Structures are given as C-alpha cells and as structure tokens.
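Peer 1: Sharing a model prediction with you, sequence too.
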Amino acid sequence: MLTTDIVRRLAVCAALPLFLLATGCSEGHGHSPEQLDAMIAEEARESNGAEGGGPPESRFDPESLMCEPAVDASGGWRTEAPREAVEEGPVELGAMASEETDVTGTEVTVVDPDGEPLTAATAVEEDEWAVSEFPDDFEGAELTSGVHTVLWADEESGAQLACDGFEVD
C-alpha cells in the first residue's frame, strides 16, 4: 500500500511540469506574424549597430570585397557593384533576392568616405535586379574619392538585406 502511494505521488510530480508546459504553450504569444517580423527587424537593426534608424556599422573593405561586420540576412540576396575602382559616375548598384522573398522595395544607403549616409528607394520585382545609380538617384550626393559602403534594407520593415561597396579614385 505504501509503495502504491509513493508511485502515485511520483507520477503526479512527474506529470505536473508536462501539464504546465502544455497549457503554457497552448496559450500563444499574442503577436501576429507581422508584429513578430517587425520585432525581429528591430532586433536585427539593434544588433547591427543601427541607432535611431541610422545605417548599421557594417563597412565595405575593397581588399576583401566584403563588409565587416557582415550583414546576416535571410533570402539569399545577391549584390552588384564595381569590383575595380571607378573614376567617374554614375555607378550602378544592384541587388536581387531569391524567389522566396516577400520584399517589395528596398532602401539603399550609400555611406560615403566621410561616413555620411545617402539614401534612395528602389522597387523589387521578382527575378529582376533592383538597380540604383550613384550619385544620380541619391539627393545631394557627390562621387568623392574613397571607399563607399552600400547597404540594402527592406523598405517596409527596415531589416538589413545585404552589404557591398565600391571605391572611387
């Protein structure tokens, strides 16, 4: 009789955490998919160093042809920028996503050699490059000597999509 009571008590104690876990998980988190996307985008901006909606701290290195820190974004974005130093403009900048993306527009930010961000918007069409020309498509921009970092972000959520850059002699 004593053994049966102990076994019952142990079974109830073991089942209680499972019951609490199951009931807690069935409650849901109370956020819509859109709210979760916005929360993730905000977290990505914060972790990438963006403060107050500014560009992240990623900077293009013309030696390695990469950005540091790298922009880690889903969607398989490809970028296009001059790989050799240019002497005159306009400079064509492009980005293309894989078929799985739901991004409909990008905000392209070119950070000039002095660290000043210049921004333009481009539409994203399926299986086509979203193209911008620098400095023509960027209000108040000038093609100055030095390294320029190009950052693409989702126009709607602000989530970083890709980073590239170019150099001007």
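Peer 2: Structure received. This is a predicted model, so every value here is computed, not measured.
Peer 1: any idea what sits nearest residue 130, other than its immediate chain neighbours?
Peer 2: Distance criterion C-beta to C-beta, 6 or more residues apart in numbering; nearest residue to residue 130, sequence neighbours excluded, is residue 122 at 4.2 Å. Heads up, the C-betas are built off the backbone N, CA and C, glycines and all.
Peer 1: so what strands line up beside the helix or strand harbouring that neighbour?
Peer 2: Here residue 122 sits within strand 117-123, counting by DSSP states H and E. Strand 117-123 pairs in its sheet with strand 105-111 (antiparallel), by DSSP bridges.
Peer 1: residues in contact with the strand it pairs with?
Peer 2: In this structure, residues lying in contact with strand 105-111 by C-beta atoms under 8 Å, 6 or more residues apart in numbering are 55, 59, 93, 95, 117-124, 130, 132, 134, 137-138, 141, 148-156, 158, 161.
Peer 1: average pLDDT for stretch 87-97?
Peer 2: For stretch 87-97, mean pLDDT rounds to 93.
Peer 1: Tell me the buried residues in it?
Peer 2: 91, 93-97 (16 or more other C-beta atoms under 10 Å).
Peer 1: Noted, bye for now.
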